[in-house]
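Chemist: when you get a sec, could you give me coordinates for this:
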Amino acid sequence: MRRIWPDPAPVDDVVALVASPARPAPPERPWVLVNMIASLDGAVTVDGRSGGLGRPADRAVLAALRGVADVVLAGAGTVRTEGYGPPRPSDAVRAARRTRGQADAPRLAVVSRSLVLDPDAPLFRDAEAPPYVLTCEAAPTERRRRLEGVAEVVVVGDASVDLAAALAVLREAGTEVVCCEGGPRLNGDLVTADLVDEWDLTISPLLVGGGDAGRAAAGAAPARPRAAELAWLLEGDGLLFGRWVRTRP
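Modeler: Presented below is the predicted three-dimensional model:
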């Protein structure tokens, strides 16, 4: 892999590069980075899943971004579609995390209003620490009760999940960096609420065409677009990796 902007140079250690920028957590919530992959024509899935867009270099960057996070955040639909299991950092990433004072592995947090989640799924059964399930008062009581034995269920909001309140709970628990992996509706809700600090986008050299592949953020649009500044561009395996940081007054 090589960096092509701002300072062109080979990248020998992706883990170290990704971990190098400061990600200062605001007082009221963690730093939130969104990591997504899209085709040249903007599709975020192939045949319903994101895996068809990636290559080994993308998986390396994904692992490195997860490596800096205290919590990996995803919507329940993404968790089901992509077959999520618990995060499994490499030995090198675990060592780097310990040096920074982090737990060996990030915790998973799943956003779900309906709680259509299998308590026996690997993401619960094989987790090193119980995942968070972020839900709301309107969630079915019986489903919530079933998940409470395998997860830390956090109720925030009435009819829908209050993401700002959920992030505040994570911050109070010591979370400083959250890596959000979608889906598009969750990303869109974070953008609309102005809760995104960093956007990491991989551009895959594929043209997917029409269909229902979707885009990286969906749902209601904010009153005005959110501005961000390019921090770097990398290239590897024919993919482009961009990192943008939200600019605020």
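
Chemist: doesn't residue 114 fall inside a strand?
Modeler: No - checked against DSSP: H, G, I helix; E, B strand; the rest coil, residue 114 lies outside a strand; its state is coil.

Chemist: what count of nearby residues applies to residue 136?
Modeler: Residue 136 is flanked by 21 other residues according to other Cβ atoms under 10 Å. (Glycine included, C-beta is placed from N, CA and C.)

Chemist: neighbours of residue 174, how many?
Modeler: Taking other Cβ under 10 Å as the neighbour definition, residue 174 ends up with a count of 12.

Chemist: Three-state assignment for it, please.
Modeler: Applying three-state DSSP to residue 174 yields a three-state assignment of coil.

Chemist: nearest residue to it other than its sequence neighbours?
Modeler: In space, and not counting its chain neighbours, residue 174 is closest to residue 70: 7.2 Å by Cβ to Cβ, 6 or more residues apart in numbering.

Chemist: so that neighbour touches residue 102, yeah?
Modeler: Yes - under the criterion of Cβ atoms under 8 Å, residue 70 makes contact with residue 102 at 6.3 Å.

Chemist: those two: who's more crowded?
Modeler: residue 70 (23 against 20).

Chemist: spit out the contact partners of residue 85.
Modeler: 122-123, 126 (Cβ atoms under 8 Å, 6 or more residues apart in numbering).

Chemist: what do you get for residue 170?
Modeler: Counting by Cβ under 8 Å, 6+ apart, residue 170 touches 29-30, 70-71, 109, 132, 178.

Chemist: swap in residue 82?
Modeler: Residue 82 sits next to 49-51, 74 when contact means Cβ under 8 Å, 6+ apart.

Chemist: ok, the residue nearest the centre of the chain - contacts?
Modeler: For the chain, the residue lying nearest the average C-alpha position, counting by Cα atoms, centre = their mean, turns out to be residue 180 (1.8 Å). Residues in contact with residue 180, defined by Cβ under 8 Å, 6+ apart, are 32-35, 73-74, 186-187, 190, 196.

Chemist: what do you get for residue 228?
Modeler: If you count contacts by Cβ under 8 Å, 6+ apart, residue 228 has them with 199, 244-247.

Chemist: just give the nearest non-adjacent residue to it, would you?
Modeler: In space, and not counting its chain neighbours, residue 228 is closest to residue 244: 3.9 Å by Cβ to Cβ, 6+ apart.

Chemist: now do the longest helix along the chain: everything it contacts.
Modeler: Ranked by residue count under DSSP state H, the longest helix found in the chain is helix 56-68. Outside of helix 56-68, the residues within contact range by Cβ under 8 Å, 6+ apart are 1, 14-15, 17-19, 23, 33, 35, 37, 54, 72, 87, 89-90, 93, 96-97, 106, 177, 179, 200, 202, 204, 234, 236-237, 239, 241.

Chemist: who does the very next helix or strand once past that helix pair up with?
Modeler: Secondary structure here is assigned by DSSP states H and E; on that basis, the next helix or strand after helix 56-68 toward the C-terminus is strand 71-75. The sheet places strand 71-75 alongside strand 107-111 (parallel), strand 177-180 (parallel), with pairing taken from DSSP bridges.

Chemist: and strand 71-75, average pLDDT?
Modeler: Across strand 71-75, pLDDT averages out at 98.

Chemist: distance between it and the chain's centre?
Modeler: Between the centre of strand 71-75 and the centre of its host chain there is 5 Å, according to Cα atoms, centre = their mean, to the nearest Å.

Chemist: residues contacting residue 9?
Modeler: Listed by Cβ under 8 Å, 6+ apart, the contact set of residue 9 reads 2-3.

Chemist: same question for residue 190.
Modeler: With contacts taken as Cβ under 8 Å, 6+ apart, residue 190 has the following neighbours: 32, 34, 163, 180, 196.
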